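Colleague: Mind folding the following:
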Amino acid sequence: MAYPTKLPIEKHRIRYKGLFDFDGLYNLIVQWMKARRYWFHETSYKHKVPLPTGAEQEISFIGTKDVTEFYEHHITIDFHIWDMTEVEMEVKGVKKTLTNARMEIIISGALNVDQQKRFDQSTLWQNVRDFFLKYIIRQDVETIWYDELRYRIYKLHNTIKEYLDMQAKGNEYKHYLGDNV
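Modeller: Numbers count the residues shown, from 1 in each chain. Next up is the predicted model:
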């Protein structure tokens, strides 16, 4: 059996209902990705015709980062927002437009191995790659590169929850990767 070249990370969900700053949340995610040198882009943006209860939006982001020539981190963030209405509020003496909505954020990721497809030239090279991954560097793949991406996703998940004021500030993995950003 061939060793997989894409190792998925479990999905993390955030469900939120209430008032929040959507532009601030969007910018938080963009800045988080850029601070960690991920190549970030928005893959889809759907805005459905507003109902009397509010609009519905679906937005997807992808962040990719070449960790080495052999490994790539891939993070996907999917927003689904229902009953979205804009509300003008005064925050600390400044008028601000906030969003009142129900929202679900799904964060998922994958570690891509042999991301440049150097070993896909023939069946012989694929077998060499599989042997190399199964018996030579399997422990490094699963304990270093996979775990690093998994903890980065935990960190993003906790950052979003802190922004939405859904949990206490900080988390148990705060300084695990040495990021102080």
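
Colleague: Correct me if wrong: Ile81 contacts Gln57.
Modeller: Yes - with contact defined as Cβ atoms under 8 Å, Ile81 reaches Gln57; the gap is 4.5 Å. In this view, the C-beta of every residue, glycine as well, is placed from N, C-alpha and C.

Colleague: residues contacting Arg102?
Modeller: Contact analysis of Arg102 by Cβ atoms under 8 Å, 6 or more residues apart in numbering lists Arg15, Tyr16, Lys17, Ile81, Trp82, Asp83.

Colleague: most surrounded residue in these?
Modeller: Highest neighbour count within the contacts of Arg102, by other Cβ atoms under 10 Å: Ile81, with 20 neighbours.

Colleague: Specify the local secondary structure of Arg152.
Modeller: With DSSP: H, G, I helix; E, B strand; the rest coil as the basis, Arg152 sits in helix.

Colleague: Give the burial count for it, as a bare number.
Modeller: Residues near Arg152, counting by other Cβ under 10 Å: 23.

Colleague: could you pull out the helices for the chain?
Modeller: Per DSSP state H, the chain carries helices over the ranges 22-35, 123-131, 138-140, 146-163.

Colleague: which of the ones you listed is buried the deepest?
Modeller: Compared across the helices of the chain, helix 146-163 shows the largest average neighbour count, a mean of 18 (mean count of other Cβ atoms under 10 Å).

Colleague: what packs against it?
Modeller: Under the contact definition 3 or more Cβ pairs under 8 Å, 6 or more residues apart in numbering; DSSP states H and E, helix 146-163 sits against strand 6-20, helix 22-35, strand 71-91, strand 94-113.

Colleague: Alpha carbons of that helix, in CSV - could you do that?
Modeller: These are the backbone C-alpha positions of helix 146-163, laid out as CSV (Å, rounded to 0.1, in the frame of the first residue of the first chain):
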residue,chain,number,x,y,z
TYR,A,146,2.6,17.1,10.6
ASP,A,147,2.5,18.2,14.3
GLU,A,148,3.8,21.7,13.4
LEU,A,149,0.9,22.2,11.0
ARG,A,150,-1.6,20.8,13.5
TYR,A,151,-0.5,23.2,16.2
ARG,A,152,-0.5,26.1,13.8
ILE,A,153,-4.2,25.3,13.1
TYR,A,154,-4.9,25.1,16.8
LYS,A,155,-3.3,28.5,17.2
LEU,A,156,-5.4,30.0,14.4
HIS,A,157,-8.5,28.4,15.9
ASN,A,158,-7.8,29.9,19.3
THR,A,159,-6.9,33.3,17.8
ILE,A,160,-10.3,33.5,16.0
LYS,A,161,-12.1,32.4,19.2
GLU,A,162,-10.2,35.1,21.2
TYR,A,163,-11.2,37.7,18.7
